[in-house]
Structures are given as structure tokens and as C-alpha cells.
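Trainee: A structural model of the following input is requested.
(chains A, B, C and D)
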2 protein chains.
Amino acid sequence: MPDETQLFDAVARVMARQPGSSMQEIATAAGISRTTLHRAFGDRETLVETLTAHVLADCERAFDAAGIDHDDPQQAFDRLLDDALTLAKAYSLLFSEPHIHRVPRLVDEIAEQETRLARFFERGQRAGQFRPELPPQWLAYSVGAQLEAIWWAIEDGHVGARDAARLLRATILGGIAVRS
Amino acid sequence: MPDETQLFDAVARVMARQPGSSMQEIATAAGISRTTLHRAFGDRETLVETLTAHVLADCERAFDAAGIDHDDPQQAFDRLLDDALTLAKAYSLLFSEPHIHRVPRLVDEIAEQETRLARFFERGQRAGQFRPELPPQWLAYSVGAQLEAIWWAIEDGHVGARDAARLLRATILGGIAVRS
DNA sequence: AGCAGGTGGAACAAAAATGTTTCAAGCGGG
DNA sequence: CCCGCTTGAAACATTTTTGTTCCACCTGCT
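Mentor: Model (predicted):
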């Protein structure tokens, strides 16, 4: 019986990595019984909604902490990468359960955060720090995908968690090509 | 009743974007009846295995066509991006259905292609074209994730399909930061 | 020892998904 | 027109999942 934070984390992990898992599989992966899972979260829809709201709040906190709305874009981006795994887990979850996208409240919240991130990149472009020829929406998708990728790479044992922020920073900001 | 290529594509799309869909939902999204879906692919496990083998073959062909094993890495990479959507659909599917990872034949094939891509980046690093301080495995994950991302961005209407290769090339090779 | 609280196993009914068969309807080629 | 082929709707038995209830067990506390 892990504490609540670990429980959220374990449940989110299995739902993200093994979409379509049954309540039994989720419970087992989280190290609790199906009975306790139901007691803690109610039915499946409630579980999904609770978990989604939870990770969206994590995202919002990370965005706030990084200061993506007002602070210097370059520095805000660096701080954002410190919460890479938080964001990665959130993003991975959002597309694992179709039910999420049938809840207007969550759909709106997701769209809002997507816009917020795109606006951040747009601001960085105006500040001359991000390349202006790349659509901000695409930057949001690209960066989001790489946040997920680093999490997967860590879980698969290819990358150490300590290297995450450094690799992300190097790859996202500088690209993979050697500068000529 | 779409032709077989379109059918594969439609089924793969719904399984990738709405993991955990029922056979009914898959069939409806593909524009056919559940009866026909079963007639065409057999049971669910067979469907998953057939589809996975199919997209893996697509990947292999794209890798071959791009010449990632022997040709100049820079040029091979450009050619790889021409098949971005093929690879994107494949990758999206691979992690949508847990059953895939319980079939040794598919697990081996996936691992092999992952290794092949990582070796490509390693070769490009030795050729002085990709940054040597980034682990090749991470490059494979990062690029794979961005291939998926561009597909999502296109499906969501944020990016035109014609811009895909250009945006990917600019973002992956050069990064998002303005060169100082 | 006794008690309160949380936990998981078992059992259960209800609901959903699955896989199959049957049959009528549509479509294209002869 | 008629035949062969494919499709999809309906029905179905079966299996799986789901949500709930009950109860025994364990743990921590007094």
C-alpha cells in the first residue's frame, strides 16, 4: 500500500504505457487490489477524470514555476526542463484514454494548456530566442513529444534520469546536427 | 468499403489515436462493419499482429529506401523524412496495444529496428554529422517521438502535410534556438 | 488483549466485448 | 436478367470486465 503520491504515479504509469489495461491490471501494476482501487477512485471514468485533472494541475504548477508567461524565455525553458518527467507523465496520460476527450472540462483545460505553451514559444520567437520560421504550435508538439521520449528512454534504461534535462536541452535547443 | 491499403491505414489510425477501442469502434472508424472486420483479420490478437507486422515492414522499406545503413547519413536522414508519416503511424501503433509486446516475434523485430536506427545515428556521429555527445539510443527516441508529433500536428490541423519534412528537418537537425 | 481502520480475497450480478453463424440485400460481371 | 461474391445487420453463446458487497485478516494503537 504505497502512499497517495506513489499510487497516482503508478496508476498513471501503467495507463500511459499499457493503454486499454483493465482495472485488474491497473491495480496489480500499482501494487494494490482491485477492491482498493475502486475504493480509492470510484469507477473507471472517475479514475480517469481524477487522474487527468491531477496531472493537468501538475503541468500548470510546472508552467507557473518555470514562469513561461512572463520570464525570460530562455531561462523559463531551462526551468521547464527541470520538471521534464512531470510533464512527460502528464502528456503520456492525456492520449491514452479516449474517455478523457469526452469530458468537456478536461478538453478545455488541455486546449488551454496547449495554447499557453504555444504562446510561450511565440513570445520566445518575438524575443529573438526561438527560430521564427517554426510555427509555435509545432514547437509545442515537438517539445511535448520529446519530453515523453525522454521518459520512455529512462524507463527503458537507455538514459539515466540525471541526464534528462541536459539531453533535452542540448537536443531541443541545438538540434542533433553538428554545426558547420 | 475502402481498398485494403486504406483499410489498414484507417484501422491503424484509430488504434493509435484511441487506444483500447473495441472491435466495434475500430470497425466503425474504419468505415466497415464488425462482421467484415472479423472476416478480414480474424480475432483481435490476429488483427494486432497482422497490423503490427505490416507497419514494421513499412518501416523496414523506408529504412532501406533511405539507405540508413550505408549511404551518407545526412542525405539518408533527409530521405527518411520523406517517409515521415509512414514511420509516424508505425511508431504510434507499436505502443498502443500491450498484446504486441507479448508476441516474441514482434518484440524481436521492434528491438531490431530500434537498434538499426540507433546504429544509423552512431554512424552519423562517427562521420562527424551528428553531435557525438548525445547517446544514439536517445537520438532514436527523440527523432521517433518527433515523427509521431508531426503526424499528430497534421491530424489536428496545426501543420500542413506538405510542410512536414521541412519542419522536421529544421527542428531536428538545427534545434529551436536561434544561433547566437 | 481488545478495538478501529484499512486491506484484499471471494463471490456475485450486471454490463460490455468478443467471436461466430445466419440471412437478406447490394453490386458487378456474364 | 441471373449468378457469384461481398457486405452488413441481427442474433447468439461465451468470455471478460466492471462495480459492488461481504467477510476474514492484519496492523497500529490503547
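Trainee: following the lowest-mean-pLDDT helix or strand in chain A, which helix or strand comes up?
Mentor: Lowest on mean pLDDT, DSSP states H and E among the helices and strands of chain A sits helix A:4-17, with a mean of 91. Sequence-wise, the next helix or strand downstream of helix A:4-17 (DSSP states H and E) is helix A:23-30.
Trainee: That next one and DNA strand C in contact?
Mentor: No. Helix A:23-30 does not reach DNA strand C (CB under 7 Å from any atom of the strand); its nearest approach is 7.6 Å. No exception for glycine: its C-beta is placed from N, CA and C like everyone else's.
Trainee: next structured bit after that helix?
Mentor: Past helix A:23-30, the next helix or strand by DSSP H and E is helix A:34-41.
Trainee: hmm, who's touching stretch A:171-180?
Mentor: The contact list for stretch A:171-180 (CB atoms under 8 Å, 6 or more residues apart in numbering or on different chains) reads A:77, A:142-143, A:146, B:74, B:121, B:128-132, B:134, B:138-139, B:142-143, B:171-177, B:179.
Trainee: restrict these to those near DNA strand C?
Mentor: Of those, not one also sits near DNA strand C (CB under 7 Å from any atom of the strand).
Trainee: Now the buried members of those.
Mentor: A:77, A:142-143, A:146, B:121, B:129-131, B:134, B:138-139, B:142-143, B:171-177 (16 or more other CB atoms under 10 Å in any protein chain shown).
Trainee: coming back round to it: for the least confident helix or strand of chain A, C-alpha coordinates in CSV please.
Mentor: Output of helix A:4-17 as CSV, limited to C-alpha atoms (Å, rounded to 0.1, in the frame of the first residue of the first chain):
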residue,chain,number,x,y,z
GLU,A,4,-1.1,8.5,-2.4
THR,A,5,1.6,10.2,-4.5
GLN,A,6,3.1,6.9,-5.4
LEU,A,7,-0.3,5.5,-6.1
PHE,A,8,-1.2,8.2,-8.5
ASP,A,9,2.2,7.8,-10.2
ALA,A,10,1.9,4.1,-10.5
VAL,A,11,-1.6,4.2,-11.9
ALA,A,12,-0.7,6.9,-14.4
ARG,A,13,2.4,5.0,-15.5
VAL,A,14,0.5,1.8,-16.3
MET,A,15,-2.3,3.6,-18.0
ALA,A,16,0.2,5.6,-20.2
ARG,A,17,2.4,2.6,-21.1
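Trainee: who's in contact with it?
Mentor: Contacts of helix A:4-17 (CB under 8 Å, 6+ apart): A:2, A:21, A:25-26, A:29-32, A:37, A:40-41, A:47-48, A:51, A:54-55, A:89, A:92-93, A:96-97, A:155, B:95.
Trainee: Any residue of stretch A:82-102 touching DNA strand D?
Mentor: No. Stretch A:82-102 does not reach DNA strand D (CB under 7 Å from any atom of the strand); its nearest approach is 10.3 Å.
Trainee: Quick check: mean pLDDT of that stretch?
Mentor: Average pLDDT, stretch A:82-102: 95.
Trainee: Not counting it itself, show me its contacts.
Mentor: Taking CB under 8 Å, 6+ apart as the rule, stretch A:82-102 contacts A:9, A:12-13, A:15-17, A:19, A:44-45, A:48-49, A:51-52, A:55-56, A:58-59, A:62, A:65-66, A:80, A:106-107, A:110, A:144, A:147-148, A:150-151, A:154, A:161, A:164-165, A:168, B:17-21.
Trainee: which parts of the helix or strand encompassing residue A:61 are buried?
Mentor: Assigned by DSSP H and E, residue A:61 belongs to helix A:44-66. Residues A:47, A:48, A:49, A:51, A:52, A:55, A:56, A:58, A:59, A:62, A:63, A:66 are the ones in helix A:44-66 that count as buried (16+ other CB under 10 Å).
Trainee: Understood, closing this out.
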